[in-house]
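[1] can you look at this prediction? I've put the sequence above it.
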Amino acid sequence: MERKEFIKTCGFACLGGTLIGAILEGCGSSKIITANIDHSDMVVPAMAFQDNGSFKKHVVVQNPALKYPICVYRFSETQYTALLMRCTHQGAELQVFGDRLECPAHGSQFSNTGLVKNGPADANLRTFPVTIKNDQLLISLK
Ligand code: FES
């Protein structure tokens, strides 16, 4: 194999690996649950994060009363963030890719705490306070 052909082959192999990685990360099984709303709190069982002896990093929570789902990240037994999956640029619904959320419309990216990482969005995501009571997360929607 000639040098030029070798480089070309390696380049395609690397590109293929990167694409497959990105696709797998995107498919990375976001667990989606429908949660009840009690008064102004969305109620999510803490066990929703359990995953065969370990814990999921995030769970997507929805309810028919909400236009956008909420992505809840678990950092520890007592630390969670709840992020509205609405892009602050023009309101498209975000997608979860591991520890970040991405906008399919124009590519904005947000961290797992809701901070803008890449524009065109220039405002952080809406967050909701989370309290824990009786093994349930109460996400305040006020
Ligand atoms: S609507 Fe999300 S980047 Fe434009």
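    Received it, and whenever you're ready, just let me know what you need.
[2] who in the protein is up against the ligand?
    By C-beta under 6 Å from any ligand atom, the residues of the chain that approach the ligand are 87, 89-90, 92, 103, 105-108, 120-121. For every residue, glycine as well, the C-beta is placed using N, CA and C.
[3] tell me the contacts of the most centrally placed residue in the chain?
    In the chain, the centroid-proximal residue (C-alpha atoms, centre = their mean) is V96; its distance is 3.3 Å. V96 makes contact with 30, 58, 60, 71, 85, according to C-beta atoms under 8 Å, 6 or more residues apart in numbering.
[4] where's it, which helix or strand?
    strand 95-97 (DSSP states H and E).
[5] who does that strand pair up with?
    If you go by DSSP bridges, strand 95-97 pairs up with strand 100-102 (antiparallel).
[6] outside of the helix or strand that comes right after the partner strand, which residues touch it?
    Downstream of strand 100-102, the first helix or strand assigned by DSSP H and E is strand 109-111. Here strand 109-111 makes contact (C-beta under 8 Å, 6+ apart) with 83, 94, 99-103, 116-118, 121, 124-125.
[7] may I see the ChimeraX selection of the buried members of the residues you listed?
    To isolate in ChimeraX the members of the contacts of strand 109-111 that are buried, counting by 16 or more other C-beta atoms under 10 Å, one can use:
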select :83,94,100,101,102,103,116,121,125
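[8] which residue sits closest to C71, ignoring its sequence neighbours?
    Once flanking residues are discounted, C71 sits nearest to L83: 4.9 Å by C-beta to C-beta, 6 or more residues apart in numbering.
[9] what of Y80?
    Using C-beta to C-beta, 6+ apart and skipping residues adjacent in sequence, the residue nearest Y80 is V130, 4.5 Å away.
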